[in-house]
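[1] after the sequence you'll find the predicted model.
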Amino acid sequence: MYTQHPLANTTNIRTENEITTELSDLCKQYSHPQYPLLRAGYSPASRYLAVDFTPWIISKLTKRGFDEIAYFLTQLTSANTGLGVSSDYWTRQALDLCNFNLSEVIQSNDQQAFLDLHAALFPYILHGTLDGFMLLDSHVDFLARTMSPYAFSIHHLESKVNATNKFIKQMRKETKKTSTAWTDYPLLNAKDLREFQNLTPPTPGLRAKLREVSIGARQLFFGTLLEGPGNGHWSARPYGIDEEKASLELAKAELGELQNDPVLVLTTYRKEELLEPLKGHPIKQGWNKKYIAKYIAENAPDILTRLTEGKQVFVLQTDIRDQRTLLADWASKIKVLLAIALGFKEE
């Protein structure tokens, strides 16, 4: 059984500088100049992680280095602690998450499922919630993609569904004059969810391959599956990803291949990054990123080479693209299960 005992590791063996150095060494070219654990090119207030830190978090959870994880979370939030919130709040959040016994809320025969989800909660909490609002929170996609390789069920399903439906009805009442978000969200059916939990998950061979790659690589995989090559990088960035490493992982796992198509490479850049080298060119303000990339490819060969030389983009295999609907449906249902399991207490 997976468990974390409710005691933090209070032995401060390493200094904060040593921990920061270790973490910074993981970030490489993605590191922000002022906040080395955050992503370069993005506002530090957005809390975009420089890389996928979940392997490091898993290592610390396994070794019970809870104080190190707490320090890590305070560094990620130092540029934006939140309204009325201090670093002490994030220390408490980290220790609470370290001691969160996931086996009390989900059941799985794969112990790696617990470790992966446990580690993923730390980047998730920088952007999402662990309450009823998870039902509408797009960031839960990150957790669902993390859990995509695993079959799991949630404890006390009927009781949690009752609590969920009660919450939905209350939110409908409170927001009926200002928003349709909760009115449009359907009440849950415990029988349907129970039947889903009892189903054999689809695409077992594909999910087995996803189990062997990092959490960051899973995000890139699903981003590419749903948004297309190049665009698949975007959904992973808030939670941290080493894009080159993740692409190589996926290719090595035979989930696709790397291509050096310069137009696809341009789609991995932000609009601002494409516009910067085009100063002096007749670019119109209303052009979207796709049109700017087309302009570069057709009219600015030197800039095209500078932005794309030596870079590759992960492209899914054709047979995997054909399974898009099955995988997307699976991930969307996992998302609901995770929102119920983590966002509600049993009644």
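    Perfect, thanks for sending it.

[2] list phi and psi for G128.
    Here is the backbone geometry of G128 (degrees, to the nearest 10): phi -120, psi -170.

[3] and A331, how far from T74?
    As judged by Cβ to Cβ, to the nearest Å, A331 and T74 stand 31 Å apart. Quick note: C-beta positions are derived from backbone N, CA and C, even for glycine.

[4] who touches the helix or strand bottoming out on mean pLDDT in the chain?
    Of the helices and strands making up the chain, the lowest-confidence element is helix 318-321, at a mean of 84, by mean pLDDT, DSSP states H and E. Here helix 318-321 makes contact (Cβ atoms under 8 Å, 6 or more residues apart in numbering) with 206, 225, 255-256.

[5] list the buried residues of that helix.
    I320 (16 or more other Cβ atoms under 10 Å).

[6] next SSE downstream of it?
    helix 324-343 (DSSP states H and E).

[7] now do that next one, average pLDDT.
    For helix 324-343, mean pLDDT is 93.

[8] buried residues of it, list them for me.
    For helix 324-343, by 16+ other Cβ under 10 Å, it's 327, 330-331, 333-343.

[9] and what of stretch 238-255?
    Quick answer for stretch 238-255 (16+ other Cβ under 10 Å): 238-243, 245-251, 253, 255.

[10] repeat that for stretch 111-128.
    For stretch 111-128, by 16+ other Cβ under 10 Å, it's 113-128.

[11] what average pLDDT does the helix or strand harbouring R207 get?
    Using DSSP H and E, R207 sits within helix 204-211. The pLDDT scores in helix 204-211 average 94.

[12] for it, list the C-alpha coordinates in PDB.
    Provided in PDB are the C-alpha atoms of helix 204-211 (Å, rounded to 0.1, in the frame of the first residue of the first chain):
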ATOM      1  CA  PRO A 204      -3.100  -1.000 -23.400                       C
ATOM      2  CA  GLY A 205       0.100  -1.100 -25.600                       C
ATOM      3  CA  LEU A 206       0.100   2.700 -26.000                       C
ATOM      4  CA  ARG A 207      -0.500   3.400 -22.300                       C
ATOM      5  CA  ALA A 208       2.300   0.900 -21.400                       C
ATOM      6  CA  LYS A 209       4.700   3.100 -23.400                       C
ATOM      7  CA  LEU A 210       3.400   6.300 -21.800                       C
ATOM      8  CA  ARG A 211       4.100   4.700 -18.400                       C
END
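
[13] so where do the strands sit in the protein?
    Using DSSP state E, the strands of the chain run over 106-107, 153-154, 256-259, 313-316.

[14] want to throw those into a markdown table with mean neighbour count?
    Listed next are the strands of the chain as a markdown table, based on neighbours: other Cβ atoms under 10 Å:
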| stretch | mean neighbour count |
| --- | --- |
| strand 106-107 | 18 |
| strand 153-154 | 17 |
| strand 256-259 | 16 |
| strand 313-316 | 24 |
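
[15] hey, what's the closest residue to D261 other than its chain neighbours bridged with?
    In space, and not counting its chain neighbours, D261 is closest to V313: 6.5 Å by Cβ to Cβ, 6 or more residues apart in numbering. Beta-bridge pairing for V313 (DSSP bridges): Q259.

[16] from N198, how far off is V313?
    Counting by Cβ to Cβ, the gap from V313 to N198 is 39 Å.

[17] H118 now?
    25 Å.

[18] K245 now?
    From K245 across to N198, the span is 37 Å (Cβ to Cβ).

[19] same question, L225
    Taken as Cβ to Cβ, the span from L225 to N198 is 25 Å.

[20] so between these two, which is more surrounded?
    The neighbour comparison of L225 against N198 (other Cβ atoms under 10 Å) goes to L225, with 21 against 9.

[21] looks like F196 contacts K333 (just checking).
    Yes: using Cβ atoms under 8 Å, F196 is in contact with K333, at 5.6 Å.

[22] how far off centre is stretch 216-223?
    8 Å (Cα atoms, centre = their mean, to the nearest Å).

[23] likewise stretch 334-347?
    18 Å.

[24] in this protein, where is pLDDT below threshold?
    1-13, 347 (pLDDT under 70).

[25] as CSV, the buried residues of helix 324-343 with distance to W287 would be great.
    Listed next are the buried residues of helix 324-343 as CSV, based on distance: Cβ to Cβ, whole Å:
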residue, distance to W287
L327, 33
W330, 37
A331, 33
K333, 39
I334, 38
K335, 34
V336, 38
L337, 42
L338, 39
A339, 38
I340, 43
A341, 44
L342, 41
G343, 41
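
[26] which of the residues you listed sits closest to V263?
    L327 (25.6 Å; Cβ to Cβ).

[27] before we move on, back to that, adding distance to F100, write the contacts of helix 318-321 out as a markdown table.
    Converted to a markdown table, the contacts of helix 318-321 look like this (distance: Cβ to Cβ, whole Å):
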| residue | distance to F100 |
| --- | --- |
| L206 | 29 |
| L225 | 29 |
| L255 | 31 |
| G256 | 34 |
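
[28] from those, which is closest to K173?
    L225 (37.7 Å).

[29] tell me who's in contact with the nearest residue to L266 once chain neighbours are set aside.
    Nearest residue to L266, sequence neighbours excluded (Cβ to Cβ, 6+ apart): A293, at 4.0 Å. Contacts for A293 were tallied using Cβ under 8 Å, 6+ apart; they are 263, 266-267, 274.
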